[in-house]
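> Next one to model:
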Amino acid sequence: MYQSLNKSIFLICTFIGINLMSVAQETQLSTIASNGWANNSVNTVIFRKNSLISFKDSQYAAYYDQEQNVVLAKRKIGSTRWILVTTPYKGDATDAHKSISIMVDGDGFLHIAWGQHNNNLNYAKSVSAGSLTLGNKKVMLSVKENKVSYPEFYKLANGDLLFFYRDGGSGNGNLMINHYNLKTKKWTRVQDGMIDGEGQRNAYWQVAIDQVGTIHLSWVWRESPDVASNHDLCYAKSTDGGLTWLKSTNEKYSLPITAANAEYALKIPQKSELINQISMFADAKGKVFIAGYWRDTNETIPQYHLVFKTDDHWEVSNLNFRKTAFSLSGGGTKQIPISRPQIIVWPNGKYYAAGLLFRDAERGNKVSIALNGELGSGNWKVEDLTQKSLGDWEPSYDTELWKRKGILSLFLQHVTQVDGEGKANQPPTIVQTLDWKPENK
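Numbers count the residues shown, from 1 in each chain. Next up, the predicted model:
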């Protein structure tokens, strides 16, 4: 457990204007830098996998500075002192899709991909274990690496890595999976178009790897670049590193997965304000929890929902605490009054407890968390972890630190997103981490 904040943390909080709430005894705030690019949400989009990542006793971070340079940072876990390195690489930060994703492999090498939106792969790794110095840009396989979007790294139990990305455009793209072998130091293709939109749609996915190494994958379909064409929630899992895929019933998929043979955890119509790239968590026993938001039929207000599998069927829980309606339509990165959520789940006696992290204009665009100590009870309590607005921020966190230590380490930055891929005109803002641990964890 974290102790009460010391004087230096209070001084930081006062300086930046982000005050901690009633959970302060469990919360630690740390400033990485003051020069974060803030003219859109590229540093804080939810599909960063990852913005923060830990390995052994160190934590790493990445962001774009005001000059659109890729910056790396590192600290000892629990420390407030960060070491920063401005890399020789830049990304087009004016496109909020082109976020930075990082991961540390089992040998301690940092891997990074950045600046991706239907363009050539930008990938590099550190020159040595624990280093923030990157080597030259590399290809992985050189095949189908010229229309890369949504790069995501995941670490397997043996320290090998998986790299997920979309090959193709919105409404017409396929899921690709590469595998990095620690022994050979080489990438190989595991899946080529595993989820196939058949030229008519594409999958917007989210991934969780549980502690025994099962890969859990869920996705929504989109029929066109218009966000209003998002629909349905599908599921697949793999117990062999992504080679073969199963439904939740353990029935084997015949690949590729298409709209016709996919397992549907929940049917959600188009024009339901269903957002793409929601979030998923898998616990140590492989139990899966999927969080997103949409508007139920005959309702006017989009609500956060949690979808999870019981022994024999999928269940959905409507958190039902929002009061304000809005509508999603059009292309590009949207300016939306709420963020996409992150979901974390942990054992709580004979029950599961859950925390859903989000931002909502209803609550002043603070960092908020909906807590439930007994999943299935519908008893959600909403708290704010900060007192000041973070603009159009979305939550991303250190997945490895949560798995190993039960500490939720969030990437924070106040950003402004102009609707439809617009660019604001504001000075850089402070980049921070917020570490929080639930009282019953």
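
> Now do stretch 250-262: everything it contacts.
Under the criterion C-beta atoms under 8 Å, 6 or more residues apart in numbering, residues 174, 191, 193-196, 198, 201, 221, 234, 236, 244-247 lie in contact with stretch 250-262. For every residue, glycine as well, the C-beta is placed using N, CA and C.

> May I ask which of those has the most neighbours?
When neighbours are counted as other C-beta atoms under 10 Å, the busiest of these turns out to be residue 195, with 28 neighbours.

> Quick one: name whatever helix or strand follows the helix-or-strand element of the chain with minimal mean pLDDT.
Across the helices and strands of the chain, mean pLDDT, DSSP states H and E gives its lowest value to helix 7-16, namely a mean of 35. Reading on from helix 7-16 to the C-terminus, the next helix or strand found by DSSP states H and E is strand 27-36.

> buried ones in that following strand?
27-33, 35-36 (16 or more other C-beta atoms under 10 Å).

> starting at the chain centroid, how far to it?
Remark: strand 27-36 is offset 19 Å from the chain centroid, using C-alpha atoms, centre = their mean, to the nearest Å.

> Likewise for stretch 69-76?
The chain centre lies 18 Å from the centre of stretch 69-76; the measure is C-alpha atoms, centre = their mean.

> from memory residue 187 sits against residue 142, does it?
No. With contacts defined as C-beta atoms under 8 Å, residue 187 does not count as touching residue 142, sitting 10.0 Å away.

> Pick out whichever of these two has more residues nearby.
residue 187 (18 against 10).

> Local confidence estimate at that one?
The predicted local distance difference test score for residue 187 is 98.

> now residue 428
At residue 428, pLDDT is 97.

> how about the nearest residue to it, chain neighbours excluded?
residue 66 (4.0 Å; C-beta to C-beta, 6 or more residues apart in numbering).

> check contacts around residue 161.
When contacts are counted by C-beta under 8 Å, 6+ apart, residue 161 is found next to 103, 105, 111, 153-155, 179-180.

> redo that, cut-off 6 Å
Taking C-beta atoms under 6 Å, 6 or more residues apart in numbering as the criterion, residue 161 is in contact with 103, 105, 153, 155, 180.

> what helices or strands is whichever strand or helix holds the third one leaning on?
Read that as residue 153. Residue 153 is part of strand 148-155, with elements assigned from DSSP H and E. Packing contacts for strand 148-155, counted by 3 or more C-beta pairs under 6 Å, 6 or more residues apart in numbering; DSSP states H and E, involve strand 101-104, strand 161-169.

> helices or strands up against the shortest one?
Think strand 101-104. Judged by 3+ C-beta pairs under 6 Å, 6+ apart, the packing partners of strand 101-104 are strand 52-55, strand 110-113, strand 148-155.

> Contacts for the helix or strand containing residue 305, please.
Using DSSP H and E, the secondary-structure element containing residue 305 is strand 303-309. Around strand 303-309, the neighbours that count as contacts under C-beta under 6 Å, 6+ apart are 248, 265-266, 288-291, 293, 315-320, 322, 341.

> mean confidence for that strand?
The predicted model gives strand 303-309 an average pLDDT of 94.

> in that strand, what's buried?
By neighbour count with 16+ other C-beta under 10 Å, strand 303-309 contains the buried residues 303-309.

> could you point out which element follows it?
On the C-terminal side of strand 303-309, the nearest following helix or strand under DSSP H and E is strand 314-318.

> what does the helix or strand that that following strand is followed by contact?
Downstream of strand 314-318, the next assigned helix or strand under DSSP H and E is strand 342-348. The contact list for strand 342-348 (C-beta under 6 Å, 6+ apart) reads 279, 281, 283, 289, 291, 352-357, 373, 395, 440-441.

> same thing with stretch 192-211?
Outside of stretch 192-211, the residues that reach it under the criterion C-beta under 6 Å, 6+ apart are 154, 171-175, 215-223, 255-258, 276-282, 284, 286.

> Can you flag which of these belong to strands?
The subset of the contacts of stretch 192-211 located in strands under the criterion DSSP state E comprises 154, 172-175, 215-222, 279-282.

> from those, which would you call buried?
For the ones in strands among the contacts of stretch 192-211, a burial check counting by 16+ other C-beta under 10 Å picks out 154, 172-175, 215-222, 279-282.

> what's the farthest-apart pair in the contacts of stretch 250-262?
Put simply, by C-beta to C-beta the two of the contacts of stretch 250-262 set farthest apart are 201 and 244, 23.5 Å from each other.

> What's the separation between the spatially closest residue to residue 215 that is not a sequence neighbour and residue 286?
Here the nearest residue to residue 215 in space, its sequence neighbours aside, is residue 238; by C-beta to C-beta, 6+ apart that works out to 4.4 Å. For residue 238, the distance to residue 286 equals 12 Å [C-beta to C-beta, to the nearest Å].

> got the contact list for residue 129?
Contact analysis of residue 129 by C-beta under 6 Å, 6+ apart lists 107-109.

> Excluding chain neighbours, what is closest to it?
Counting by C-beta to C-beta, 6+ apart, residue 108 is the residue found nearest to residue 129 once chain neighbours are left out, at 3.3 Å.
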